[in-house]
Structure formats: structure tokens, C-alpha cells
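K.L.:
Provide a 3D model corresponding to the input given below.
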Amino acid sequence: MAVRILYFAWVRERIGKTEEVVEPPAGVTTIADLVDWLKARGEEYAYAFENEIVIRAAMDQIHVQRDAVITGAREIAFFPPMTGG
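P.N.:
Have a look, this model is predicted:
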């Protein structure tokens, strides 16, 4: 299952790309699994997700928790917490 991954703010800066299309292995079923899989893809991903608890996720433009099942998702976005002003 191919899914488009979007990266925002310092997550994007650390990974070095704004988006990519990936095909996670069959065992990757949740946002948390996806983050673990991404972290294993290289040091830039490990660095971007080193404090993964603060990173927010959205699946098909809806905010989701780390235990959300990604099956059928077309787009997943990762971004740090936002502050207003």
C-alpha cells in the first residue's frame, strides 16, 4: 500500500524533504509503527522523530493519535506542535 507522507516545519528540515511516497511493510499498521519504520530508514529520520511524542500526525487531513490504523490512508502528515500568536 503506497501512501504519501508530508513533513512540515522542523520535521521537514531535519528529513530534508517536504513529501515522499512510501510503501511501508505489511507489519506497519499504525501511526506509531510508521514512525518506528521511518526512524529506521536513516539518521535524518531518526533525528526528525527523536522526540516522537511531541510530533503530531494527520491522516487524510484529520488529526489522529499514534494508535490510529493507517490501512487505506492516502496521505499522512507529520508536524511539530504549533504555537499561536
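K.L.:
mind listing residues that contact the lowest-mean-pLDDT helix or strand in the chain?
P.N.:
Using mean pLDDT, DSSP states H and E, the weakest-scoring helix or strand in the chain turns out to be helix 9-15, at a mean of 95. Contacts to helix 9-15, defined as CB atoms under 8 Å, 6 or more residues apart in numbering, come from residues 7, 18, 44, 45, 47, 48, 49, 55, 78, 79, 80. Where you see a C-beta, it was placed from the backbone N, CA and C, and this is true even at glycine.
K.L.:
grab the nearest non-local neighbour of the second one.
P.N.:
The shortest distance from residue 18 to any residue that is not its chain neighbour, by CB to CB, 6 or more residues apart in numbering, is 5.5 Å, and that residue is residue 12.
K.L.:
ok so, going back, in strands, which of the contacts of helix 9-15 appear?
P.N.:
Among those, the ones falling in strands (DSSP state E) are 7, 78, 79.
K.L.:
buried ones only from the residues you listed, please, as a ChimeraX command.
P.N.:
The following ChimeraX line selects those of the ones in strands among the contacts of helix 9-15 that are buried, judged by 16 or more other CB atoms under 10 Å:
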select :7,78,79
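K.L.:
end to end on stretch 39-46, go ahead and measure it.
P.N.:
Stretch 39-46 has an end-to-end distance of 4 Å (CA to CA, to the nearest Å).
K.L.:
mean confidence for that stretch?
P.N.:
Stretch 39-46 shows a mean pLDDT of 97.
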